[in-house]
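> let me see the structure of the following:
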Amino acid sequence: MPVNSNHIVTLVALALAGLALSGCASINEKVTTGVVDSIPHWAGGLPEGVPPRRGTPEYDRYMEERERKRLEPAVATDTAKPGSPSSSASNASAMALDPVH
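Numbering: from 1, shown residues only. Below you'll find the predicted structure:
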């Protein structure tokens, strides 16, 4: 049975398409992290307020800022004297847990 030139062209075209498809898969692995960050939220991208990705300079600055805020002393919101009854009532309500539904 002789091999038709159309069969050879078809086989070569399918082989090239398969190679191109596998090449796209390996490129997408590296490109995806940069492209995903630029997609707007309305199009399915990351929402506002998401911390930066690990390993970037922005992430290092974000973590330094977070650690600085953690080490700051807490601002006292209760101005009543510690021994007064209103102070203990407000502390008890602040320490109460929300009900679980």
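> could you pull out the strands in the protein for me?
For the chain, applying DSSP state E gives no strands.
> which helix runs longest in it?
Secondary structure assigned by DSSP state H gives helix 5-36 as the longest helix of the chain.
> in that one, what's buried?
Buried residues in helix 5-36, counting neighbours by 16 or more other C-beta atoms under 10 Å, are absent. C-beta: built from backbone N, CA, C; applies to glycine.
> which other helices and strands does it contact?
Under the contact criterion of 3 or more C-beta pairs under 8 Å, 6 or more residues apart in numbering; DSSP states H and E, helix 5-36 touches no helix or strand at all.
> any idea of the mean pLDDT in that helix?
For helix 5-36, the mean pLDDT works out to 79.
> can you check stretch 55-74 too?
For stretch 55-74, mean pLDDT rounds to 89.
> name the residues that touch it?
With C-beta atoms under 8 Å, 6 or more residues apart in numbering as the contact definition, stretch 55-74 has outside contacts at P51, P52, R53.
> relative to K69, how far out is P51?
Remark: distance between P51 and K69 (C-beta to C-beta, to the nearest Å) = 13 Å.
> repeat for G45
Here G45 is placed at a distance of 27 Å from K69 (C-beta to C-beta).
> follow-up on the earlier one: so for P51 and K69, which residue has more residues nearby?
Neighbour count, other C-beta atoms under 10 Å: between P51 and K69, P51 has more, with 11 against 8.
> neighbours around the closest residue to that one other than its chain neighbours, how many?
In space, and not counting its chain neighbours, P51 is closest to Y62: 5.4 Å by C-beta to C-beta, 6 or more residues apart in numbering. Using other C-beta under 10 Å, Y62 has 14 neighbouring residues.
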